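1. Got a sequence here, can you build the structure:
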Amino acid sequence: MGSGMKAVQIPRYSKNIDPVLREIPIPKIADTEVLVRVKAAAVNPVELLIATGSVRLIQDYSMPLTLGNECSGVVEQVGASVTEFQVGEAVYARLPVRSLGGFAEYVSVPQSTLAKMPAGCDFAAAAAIPLTGLTAWQCLTEELEAKAGEPVLIPGGSGSFGEMAVPLAKALGLHVTVSGNARAQERFLALGADQYLNYRKENYWEVLPPVDYVIDTLGAGELNQELSVLKPGGRLVSLRMGPNRAFAAKKQFPAWKRLLFSLAGARYDSAARKQGKEYRFLFVREDGAQLRTITKIVEHNGITPRIDPHVFTLETARDALQLVAEGHPDGKVILQIS
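-> Predicted structure coming up:
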């Protein structure tokens, strides 16, 4: 291991995403950190939101910034206080929201964020799990506080998020309905979905009985329909619509930012409140303990995320980001790094 490494960085926030491949120093690790030699990193829509500054009020970054929210790799070095990991182990993580860094040959990761890779997963598959897995887990267990036997609906849930959310929801004992495209129906029923609605043939708000929970992946245009299918007292958690007062309070943001998010989320809160329902927003955080729980479920159920067949490297990261932004990936887009 030398002193330098390749990394894909953005020099500034910009609507025109222009990543640059640079040679930068290999990170120095603190006593509680692990240096991971990255083998694969997933490319997600959140990369685009970060690069364009769209989530700047939630998390602002110093520039230049090495992109990459989730990755898998091999432990290269451990800090003096690290007890849970050893050199040579295969690991994966949703990297800390404040620092990121997965689009690089090496990344330093707090041991509290890291988990050993699921048995049976290669590095590409493992890199595709943490972000969607933790998003689904935090939606179900924290924002919705879902209880076994209760029904949850995931409109537009036939993508990579749904592929993780369905088996995790089933592991928690929930009754899961997904609406999505016809070609995904067989796969999602095999994953454990109790009901699958082809959105071209059936409108979920017309055919479903009221549900306790909705996980929104579609955005504000779907709000009225999603609220209409919720039971009184039900909860909707969105990954797309935007933060609100409750989100800002939970994150312990300063008063000015709480006020801003209260105003920004007022129409979602108001629409839900008028019907005796509740709106929540989630921006997924790192959590190694939760990821270890997800690992066990992935292993038990033999979950293997779909990986887009295009092959990308650090040198072609720009093309990978463009595919996520403009194309229709057939599964998670992965950078093969080493």
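2. domains in this protein, as residue ranges please.
-> 4-129+305-336, 132-281 (automatic domain parsing).
3. Ends of the longest one, what's the gap?
-> As for domain 4-129+305-336, its first-to-last residue distance stands at 19 Å under the measure C-alpha to C-alpha, to the nearest Å.
4. just stretch 96-107 next, same as before
-> 11 Å.
5. still on that earlier bit, using JSON lines, please lay out the domains of the chain together with mean neighbour count and distance to residue 297.
-> Just so you know, the C-beta spots here come from the backbone N, C-alpha and C atoms, and that holds for glycine as well. Output for the domains of the chain, formatted as JSON lines (neighbours: other C-beta atoms under 10 Å; distance: least, C-beta to C-beta, whole Å):
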{"stretch": "domain 4-129+305-336", "mean neighbour count": "19", "distance to residue 297": "9"}
{"stretch": "domain 132-281", "mean neighbour count": "19", "distance to residue 297": "5"}
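6. Need those in a markdown table (columns: distance to residue 291).
-> Shown next, in a markdown table, are the domains of the chain (distance: least, C-beta to C-beta, whole Å):
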| stretch | distance to residue 291 |
| --- | --- |
| domain 4-129+305-336 | 4 |
| domain 132-281 | 6 |
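7. among those, which is nearest residue 289?
-> Nearest to residue 289, of all the domains of the chain, is domain 4-129+305-336, at 7.7 Å by C-beta to C-beta.
8. if we can go back for a sec, rebuild the domains of the chain as JSON lines, extending it with mean pLDDT.
-> Below are the domains of the chain laid out as JSON lines (pLDDT from 0 to 100):
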{"stretch": "domain 4-129+305-336", "mean pLDDT": "97"}
{"stretch": "domain 132-281", "mean pLDDT": "97"}
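9. Go through those domains and name the closest to residue 295.
-> Closest approach to residue 295 among the domains of the chain (C-beta to C-beta): domain 4-129+305-336, 4.9 Å.
10. For residue 193, which three-state class applies?
-> coil (DSSP: H, G, I helix; E, B strand; the rest coil).
11. Same check on the one 3 residues further on?
-> Reducing the assignment to helix, strand or coil with three-state DSSP, the entry for residue 196 is strand.
12. circling back to that earlier point, any idea which of the domains of the chain gets closest to residue 288?
-> For the domains of the chain, the distance to residue 288 is smallest for domain 4-129+305-336, at 4.8 Å, taking C-beta to C-beta.
13. chain center to the closest one, what's the gap?
-> 13 Å (C-alpha atoms, centre = their mean, to the nearest Å).
14. next one: stretch 162-172
-> Remark: stretch 162-172 is offset 14 Å from the chain centroid, using C-alpha atoms, centre = their mean.
15. Model confidence at residue 3, what's the number?
-> Looking at residue 3, its pLDDT is 86.
16. Wait, it touches residue 24, no?
-> No: counting by C-beta atoms under 8 Å, residue 3 does not reach residue 24; the two are 10.1 Å apart.
17. In space, what's closest to the most centrally placed residue in the chain - neighbours in sequence excluded?
-> Taking C-alpha atoms, centre = their mean as the criterion, residue 131 is the residue nearest the geometric centre of the chain, at 3.0 Å. Residue nearest to residue 131 in three dimensions, not counting chain neighbours: residue 70, with 4.6 Å by C-beta to C-beta, 6 or more residues apart in numbering.
18. residue contacts, that neighbour?
-> 41-42, 44, 92-95, 102, 127-131 (C-beta atoms under 8 Å, 6 or more residues apart in numbering).
19. what do you get for residue 194?
-> Applying C-beta under 8 Å, 6+ apart to residue 194 gives the contacts 175-177.
20. cutoff 10 Å now
-> By C-beta atoms under 10 Å, 6 or more residues apart in numbering, residue 194 lies in contact with 151-152, 166, 169-170, 174-178.
21. So in this structure, which helix runs the longest?
-> Counting residues, the longest helix found in the chain (DSSP state H) is helix 288-301.
22. Of the contacts of residue 70, which belong to strands?
-> 41-42, 92-94 (DSSP state E).
23. can you list those residues in a markdown table and add distance to residue 293?
-> Below are these laid out as a markdown table (distance: C-beta to C-beta, whole Å):
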| residue | distance to residue 293 |
| --- | --- |
| 41 | 22 |
| 42 | 20 |
| 92 | 14 |
| 93 | 14 |
| 94 | 13 |
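24. the helices in the stretch 1-150 of the chain, which residues?
-> Using DSSP state H, counting those that start in this stretch, the helices of the stretch 1-150 of the chain run over 45-51, 123-127, 130-138.
25. can I get the CA coordinates of the second one in PDB?
-> Put plainly, it is helix 123-127. Below are the C-alpha coordinates for helix 123-127, written out as PDB (Å, rounded to 0.1, in the frame of the first residue of the first chain):
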ATOM      1  CA  PHE A 123     -18.600  -7.700  -3.400                       C
ATOM      2  CA  ALA A 124     -20.900  -6.200  -6.000                       C
ATOM      3  CA  ALA A 125     -24.000  -7.700  -4.400                       C
ATOM      4  CA  ALA A 126     -22.900  -6.600  -0.900                       C
ATOM      5  CA  ALA A 127     -22.300  -3.100  -2.100                       C
END
